[in-house]
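Asker: the sequence and its predicted three-dimensional model are supplied below.
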Amino acid sequence: MLPPEQPLSATDQVQNLILESADFEEFLNELARFSAHQMAGEGDDALCGITLLRDRKAATIGWSSDSAREVDEIQYSLSQGPCLTAAQEEREVHVPDLYEENRWGPDYASAVASHGLRSVLSLPFNLQGEAKAALNLYSSAPRKFNDQATARARLFTREISQALRLAVRFSLHTDSAANLRATLESRTIIDIAIGIVMAQNRCGQEAAVNILTEASSNSNTKLRDIAKSLVDSVGGAGTRTHFEEPRKKQADRIG
């Protein structure tokens, strides 16, 4: 008799989202929808947005619904709010009831409450200095995010930080939105190249991405071209590639 299948962890489910998504935009939106579902609880609903701060600009890069994006953008227009505070100061921000909230003035609380929302929880991601980001959860129920819900959200945010960090790292190493779209269209060749680098260097996915992006930056070559060159170069066993120098840098950092 086969043992019962164990439920997938949040990390495993997010990894499946990466594999099943056509591009990073789809992945980030699926991640926001998944986060909203995870945090809502049974018989309830929640909204979720993912805020990214980079170059002093804020943007919602993933949203569970149009309403989630709209309430995030209220904060950007006012230059203040819980998700901005959580991302900028890298700390949790809890709004038990918008009807009783005045930390960011009356305009913020009344504007978000007009969407039928009552409580907010924003938690920072750990992106290790590349950029700052926060997970923003909204509920129509006042005091929705109690101590138990907040602890669950805190653990969940830690579990998915690595996946978000990987997505942000790809976007940070593209020169423009056009280059990013071209990179996404070339996802297959890039994924193969990442696998090759992981095998060659006996490293994890994040380290492999770093090696590829460093090689792209150092040679002033597009990431897709770097990936294609690597894939083309490994037709036989023991093939030497121009990734030996980035690999040496990686070894030096580890050593």
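Answerer: Received the coordinates, thanks.
Asker: which residues sit in contact with the nearest residue to E101 once chain neighbours are set aside?
Answerer: The shortest distance from E101 to any non-neighbouring residue, by C-beta to C-beta, 6 or more residues apart in numbering, is to A109 (4.4 Å). Quick note: C-beta positions are derived from backbone N, CA and C, even for glycine. By C-beta atoms under 8 Å, 6 or more residues apart in numbering, A109 lies in contact with 95, 98-99, 101-102.
Asker: in helices only, show me the residues you listed.
Answerer: Nothing among those maps onto helices, per DSSP state H.
Asker: helix, strand, or coil at the residue nearest to E101?
Answerer: Following DSSP: H, G, I helix; E, B strand; the rest coil, A109 is assigned to helix.
Asker: give me the buried subset of the contacts of A109.
Answerer: Buried residues within these, counting neighbours by 16 or more other C-beta atoms under 10 Å: 95, 98, 101.
Asker: with distance to A215 added, can I get these in CSV?
Answerer: Formatted as CSV, these follow (distance: C-beta to C-beta, whole Å):
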residue, distance to A215
V95, 44
L98, 48
E101, 48
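Asker: just the residues you listed now: which is nearest L121?
Answerer: V95 (7.4 Å; C-beta to C-beta).
Asker: am I right that that closest one is in contact with T85?
Answerer: No: using C-beta atoms under 8 Å as the test, V95 is too far from T85 to be in contact (10.4 Å).
Asker: overlap in contacts of those two?
Answerer: By C-beta under 8 Å, 6+ apart, no residue touches both V95 and T85.
Asker: what's the weakest-modelled helix or strand in this structure?
Answerer: Within the chain, no helix or strand scores below helix 244-254, which has a mean of 43 by mean pLDDT, DSSP states H and E.
Asker: average pLDDT for the one helix or strand V168 maps to?
Answerer: Here V168 is covered by helix 147-172, with elements defined by DSSP states H and E. The pLDDT scores in helix 147-172 average 81.
Asker: flag the shaky bits of the stretch 51-200 of the chain, pLDDT-wise.
Answerer: Residues of the stretch 51-200 of the chain meeting the criterion pLDDT under 70: 129-130, 170-188.
Asker: one more time with 90
Answerer: By pLDDT under 90, the low-scoring segments of the stretch 51-200 of the chain are 52-63, 65-66, 77, 79, 105-107, 125-132, 149, 152-153, 155-200.
Asker: can you map out the helices along it?
Answerer: Applying DSSP state H, counting those that start in this stretch to the stretch 51-200 of the chain gives helices spanning 66-78, 82-89, 105-113, 147-172, 177-185, 187-201.
Asker: and these as CSV, adding distance to L31?
Answerer: Formatted as CSV, the helices of the stretch 51-200 of the chain follow (distance: least, C-beta to C-beta, whole Å):
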stretch, distance to L31
helix 66-78, 12
helix 82-89, 15
helix 105-113, 22
helix 147-172, 7
helix 177-185, 16
helix 187-201, 17
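Asker: which of those helices sits closest to A227?
Answerer: helix 187-201 (3.6 Å).
Asker: only the buried residues of that closest one, if you could.
Answerer: In helix 187-201, counting by 16+ other C-beta under 10 Å, buried: 187, 189-190, 193-194, 196-198, 200-201.
Asker: brilliant, that's me finished.
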